[in-house]
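In: Need the 3D shape of this:
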Amino acid sequence: MGAGLILGLLAAGSVSAAEAASPAATPMPGYWETNNTATFLFSSHSTERKCLTATDVAKFMNGPSNRHYTCEYPSRTVGGGRIRLAGSCATKKGQVAHVTAKGTYSATTFKLEATLKTKIGGIPLSGAAITDAHRLGDDCPAATASK
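Out: Sure, this is the predicted structure:
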């Protein structure tokens, strides 16, 4: 687990005009740049630009997951521009990592810091990941609009 768990977890959602002006508004759909840093046995960094839909943020605000991991967050607090999650993520092969995460968001920014704890071969391992993103605009380049 590690970089793959956090990469691609940012999403955006629909908001009213009043919410968009609020610093605690849900992230808006559009074109986003995401910087991901993860440390789990080794360090990695990536930058992605993605077109995000309203459906993407709804999924994320209910608890980030991706195609590689199935995650459950029994402890989840989202509101007022803050997010806190605690739960676990499992690979398709059954490897489980306990995850805690906290962060902040607005209509145009998002930052999430997560810690992961697991055991591999009975050896306890831990890692950390940070996703820091900002909205680039309403319009997505044609090459990214369908991704």
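In: contacting residues around residue 138?
Out: 30, 31 (C-beta atoms under 8 Å, 6 or more residues apart in numbering). C-beta here means a position set from N, CA and C on the backbone, and glycine is covered the same way.
In: The chain should start at 31 in everything you say after this.
Out: Shifting the count to begin at 31 puts that one at residue 168.
In: quick one, phi/psi of it?
Out: Per-residue torsions, residue 168: phi -70, psi -40 (degrees, to the nearest 10).
In: One more: residue 86?
Out: phi -60, psi -50.
In: Grab the longest strand from the chain for me.
Out: Scanning the chain for the longest strand, with DSSP state E as the assignment, gives strand 153-167.
In: Check which helices and strands that strand is in contact with.
Out: The elements that strand 153-167 packs onto, with contact taken as 3 or more C-beta pairs under 8 Å, 6 or more residues apart in numbering; DSSP states H and E, are helix 33-36, strand 60-70, strand 139-150.
In: how about low-confidence regions in the chain?
Out: 31-54, 92-97, 173-177 (pLDDT under 70).
In: one more time with 80, if that's ok
Out: Low-confidence segments of the chain (pLDDT under 80): 31-55, 87-99, 173-177.
In: returning to what we had before: among the helices and strands packed on strand 153-167, which comes closest to residue 104?
Out: strand 139-150 (15.8 Å; C-beta to C-beta).
In: same for the closest one, what does it pack against?
Out: helix 33-36, strand 112-121, strand 126-135, strand 153-167.
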